[in-house]
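>>> how would this look folded up:
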Amino acid sequence: MSKGPSTGETFLSGIRFYRKKNHMTQIDLAEAMGVTQTSVSQWESGRNYPDIKTARRLADYFNTSLDNVLSQRSLEEFEDAERFSLRPGDYIENAETSEEQVLILEQKRLLLRIFEVLSPAARQRVLDRAEAYFEVEQLSAQENLK
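Numbers count the residues shown, from 1 in each chain. Sure thing, here's the model as predicted:
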């Protein structure tokens with residue numbers, strides 16, 4: 001847990017919030033996800049993040065969104081998010097959205113969440129790398145058309 005910037009409010013990770021809400025130990029969650037207890041500890045402390053597939057499995061396991069699982073919030077904010085957030089299935093039922101579209105939406109939200117906490121230099125490196133991947137994809141598409 002960490003303290004909020006100016007309020008002194010205590011923040012905790014979404015993974016820890018949902019783990020505790022489900023009366024699980026770090027070892028229980030590690031076994032459920034097929035990872036080590038050290039990995040769970042690092043996710044909860046913010047020293048590391050789960051890969052996107054594991055994050056998706058965590059969200060599915062806890063029946064919540066990727067955003068909720070990967071966020072750092074106060075207990076009150078988590079409780080509000082639980083009351084008001086849509087689950088992946090809600091998008092499908094309400095907007096007739098495909099599973100792929102839901103995954104893309106959640107990936108975008110995750111990228112934005114990560115982007116918010118990066119330094120300006122790190123954000124620029126992410127953008128530079130993304131542009132390089134985009135150029136490679138465009139060249140591959142052009143080669144496939146030939």
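>>> next SSE downstream of the helix or strand hosting Val40?
Secondary structure from DSSP states H and E places Val40 in helix 37-45. Sequence-wise, the next helix or strand downstream of helix 37-45 (DSSP H and E) is helix 52-62.
>>> name the helices or strands packed onto that next one?
Where contact means 3 or more CB pairs under 8 Å, 6 or more residues apart in numbering; DSSP states H and E, helix 52-62 is packed against helix 14-21, helix 26-33, helix 66-70, helix 99-117. No exception for glycine: its C-beta is placed from N, CA and C like everyone else's.
>>> can you list the buried residues in the last one?
Okay, so that is helix 99-117. Judged by neighbour count (16 or more other CB atoms under 10 Å), helix 99-117 contains these buried residues: Val102, Leu105, Glu106, Arg109, Leu110.
>>> which two among the residues you listed are spaced furthest apart?
Largest separation among those by CB to CB: Val102 and Leu110, giving 12.6 Å.
>>> how about the CA coordinates for stretch 51-71, as PDB?
Presented in PDB, the C-alpha positions along stretch 51-71 are these (Å, rounded to 0.1, in the frame of the first residue of the first chain):
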ATOM      1  CA  ASP A  51       1.600  -9.700 -18.700                       C
ATOM      2  CA  ILE A  52      -1.600  -8.900 -20.600                       C
ATOM      3  CA  LYS A  53      -2.800 -12.600 -20.800                       C
ATOM      4  CA  THR A  54      -2.300 -13.000 -17.000                       C
ATOM      5  CA  ALA A  55      -4.000  -9.600 -16.300                       C
ATOM      6  CA  ARG A  56      -6.900 -10.700 -18.500                       C
ATOM      7  CA  ARG A  57      -7.100 -14.000 -16.500                       C
ATOM      8  CA  LEU A  58      -7.000 -12.100 -13.300                       C
ATOM      9  CA  ALA A  59      -9.900  -9.800 -14.400                       C
ATOM     10  CA  ASP A  60     -11.900 -12.900 -15.500                       C
ATOM     11  CA  TYR A  61     -11.100 -14.700 -12.300                       C
ATOM     12  CA  PHE A  62     -12.300 -11.800 -10.200                       C
ATOM     13  CA  ASN A  63     -15.200 -11.000 -12.600                       C
ATOM     14  CA  THR A  64     -14.000  -7.400 -13.000                       C
ATOM     15  CA  SER A  65     -12.300  -5.200 -15.600                       C
ATOM     16  CA  LEU A  66      -8.600  -5.000 -16.400                       C
ATOM     17  CA  ASP A  67      -8.700  -1.400 -15.400                       C
ATOM     18  CA  ASN A  68      -9.900  -2.400 -11.900                       C
ATOM     19  CA  VAL A  69      -7.400  -5.200 -11.500                       C
ATOM     20  CA  LEU A  70      -4.400  -3.100 -12.500                       C
ATOM     21  CA  SER A  71      -5.300   0.200 -10.800                       C
END
